[in-house]
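>>> Provided below for reference: sequence and predicted model.
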Amino acid sequence: MKRLAGYRLTRHLHLPRFLRILIRLVLVIAIGFGAIRWLSTEEQIAFTTNTSASQLLDFKSTDEKTPYAQVLQAHPEATSSAVNAPVIEINPVEYALAAPEAKLETENSTEGSLLKWKNEAGWVEWTFTAPSAGWYELHLDYMPLAGGNTSVVRGIQIDGQYPFAESEHIELERHWKDAKYPYERNEIGMQVRPQQTEIVEWSVKAVSDYSVSSRPLLYQLAQGEHTLRFAGEREGVLLKAISFQPQKQLPTYAEYQAAQPVTVAEADWHQVTEAEQFMRKSSLSIQTDHWSEPYISPDPKGRITYNVLGGNRWRQPGEWVDWELTVPADGWYEIDLKNFQNYRSGFKAYRTIKLDGET
């Protein structure tokens, strides 16, 4: 019986000869097809591990839409061309054209008339006049319609075209917070992460894409009449105001320091704000986590305690978190961060810091 069992097991592990030959033929054909596609493609291939920044900017894609970085590279004057230009205001409810599949309503509120785009289909188009030529930021006053879990996405066209590739996919974030803080503990002392709650509120956003720039995106306008079109992609939205604005020039630290009023030095003061005690965030993916390491605050003391925020869950460009703090008097304060980056060994992590919405 033992020899028979061994014989039957050996036979079971070996495939029939014709099946083995067929599998080898399939593998050879697949590899050959992939090699032919790779050798015959007209698309250039660039690897960031051995390519400089200038080579990446010079990379030519077969896609008709030009990346934003290459547009700015070709126009070094863009960031200062419209510094003194007036703001161009557009009333959302006064659109010129709209696709029939776009479900649009006008709502009257204490803040004025609002355009309610109830679905993600179709497009809406406005006409406007630019009094002077230049490069402008596009500012939106918006509120995502309640009920979704993802950001609103719209494509933005100027005069019937996407001026650069990134303009085809512009995100308008929802705002989220923990439903409860401090966190509750269960019967054995472990903290329980609360549900996430959407904060339904108005947002003022300069259209941006942090994967290409930490500054708002710039749109080139010649003097005269233009069309602005929003193409629906995801989620419904309320629009209160649209405007093109010249980009503000960021001062150097020395210029910023010199522009502030003189203040009297205050006595030593400090305030600790736990990272997990945030006011709002831009994405559900940004989550608190529990670490049990030396010098972590609060000390978990052997229990699950959510005492850090982000990590690998906060790594996408443009994701942000807001905290609220109060200082005792006007003056100069330092921001001391306790942080750790282990998402990519040897790489630096970057964040843009804003105070009261300004860099």
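Received the coordinates, thanks. Residues are numbered from 1 along each chain as shown.
>>> excluding sequence neighbours, find me the nearest residue to Glu171.
Ser151 (4.4 Å; Cβ to Cβ, 6 or more residues apart in numbering). From N, CA and C alone the C-beta is placed, and that goes for glycine too.
>>> need the contact partners of the helix or strand that contains Gln245.
Element membership for Gln245 (DSSP states H and E) is strand 237-246. The contact list for strand 237-246, computed with Cβ atoms under 8 Å, 6 or more residues apart in numbering, reads 82-85, 87-92, 107, 111-112, 114-117, 126, 128, 130, 134, 136-145, 152, 154, 172, 202, 206, 219, 221, 228.
>>> do I have it right that the residue nearest to Glu171 meets His169?
No - with contact defined as Cβ atoms under 8 Å, Ser151 does not count as touching His169 (10.4 Å).
>>> show me where the stretch 151-300 of the chain has helices.
All helices of the stretch 151-300 of the chain, identified by DSSP state H, counting those that start in this stretch, fall at 253-259.
>>> now it, which segments are flagged as low pLDDT?
265-266 (pLDDT under 70).
>>> tell me, how many residues neighbour Met279?
Neighbours of Met279 under the rule other Cβ atoms under 10 Å: 13.
>>> swap in Trp135?
Trp135: 23 neighbours (other Cβ under 10 Å).
>>> part of a strand, is it?
Yes - the assignment for Trp135 by DSSP: H, G, I helix; E, B strand; the rest coil puts it in a strand.
>>> relative to Glu319, how far out is it?
According to Cβ to Cβ, to the nearest Å, Trp135 and Glu319 sit 26 Å apart.
>>> write the ChimeraX selection for whichever of the contacts of strand 237-246 are buried.
Per 16 or more other Cβ atoms under 10 Å, the buried members of the contacts of strand 237-246 correspond to this ChimeraX selection:
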select :82,85,88,90,92,114,115,116,117,126,128,130,134,136,137,138,139,140,141,142,143,144,145,152,154,172,206,219,221,228
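>>> from the contacts of strand 237-246, which land in strands?
Per DSSP state E, strands hold the following members of the contacts of strand 237-246: 88-90, 107, 112, 114-117, 126, 128, 130, 134, 136-144, 152, 154, 172, 206, 219, 221, 228.
>>> contacting residues for the residue minimising distance to the centre of the chain?
The structure's the chain has its C-alpha centroid closest to Gly318; by Cα atoms, centre = their mean the separation is 3.4 Å. For Gly318, the contact set (Cβ under 8 Å, 6+ apart) comprises Glu171, Ser208, Asp209, Tyr210, Ser211, Ser282.
>>> coming back round to it: relative to the strand holding Gln245, what are the paired strands and their orientations?
The pairing partners recorded for strand 237-246 under DSSP bridges are strand 88-90 (antiparallel), strand 112-117 (antiparallel), strand 134-144 (antiparallel).
>>> quick one: closest of these to Gln196.
strand 134-144 (14.5 Å; Cβ to Cβ).
>>> how about Leu19, secondary structure?
Relying on three-state DSSP, one would call Leu19 helix.
>>> still on that earlier bit, which one of the strands paired with strand 237-246 lies nearest to Arg185?
The nearest among those, by Cβ to Cβ, is strand 134-144 at 33.1 Å.
>>> now the closest one: how far from the chain's centre is it?
On the basis of Cα atoms, centre = their mean, to the nearest Å, strand 134-144 sits 15 Å off its chain's mean C-alpha point.
>>> can I get that strand as CSV, trimmed to CA atoms?
The C-alpha trace of strand 134-144 is given here as CSV (Å, rounded to 0.1, in the frame of the first residue of the first chain):
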residue,chain,number,x,y,z
GLY,A,134,-1.1,87.2,-18.5
TRP,A,135,-1.0,84.0,-16.5
TYR,A,136,-3.8,83.7,-13.8
GLU,A,137,-4.7,81.4,-11.0
LEU,A,138,-8.3,80.0,-11.2
HIS,A,139,-10.1,80.3,-7.8
LEU,A,140,-13.3,78.4,-7.0
ASP,A,141,-15.8,78.9,-4.1
TYR,A,142,-17.4,75.4,-4.0
MET,A,143,-19.2,72.9,-1.8
PRO,A,144,-19.4,69.2,-2.7
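>>> averaged pLDDT, that strand. What do you get?
For strand 134-144, mean pLDDT rounds to 96.
>>> change the start of the numbering to 55 and stick with it
All set: I'll call the first residue 55, so the last point we hit is now strand 188-198.
>>> can you pull out the strands in the stretch 255-404 of the chain?
257-260, 272-275, 278-288, 291-300, 334-335, 342-344, 360-363, 375-376 (DSSP state E, counting those that start in this stretch).
>>> using a markdown table, lay out these together with distance to Ala128.
Below are these laid out as a markdown table (distance: least, Cβ to Cβ, whole Å):
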| stretch | distance to Ala128 |
| --- | --- |
| strand 257-260 | 22 |
| strand 272-275 | 11 |
| strand 278-288 | 20 |
| strand 291-300 | 20 |
| strand 334-335 | 36 |
| strand 342-344 | 43 |
| strand 360-363 | 40 |
| strand 375-376 | 35 |
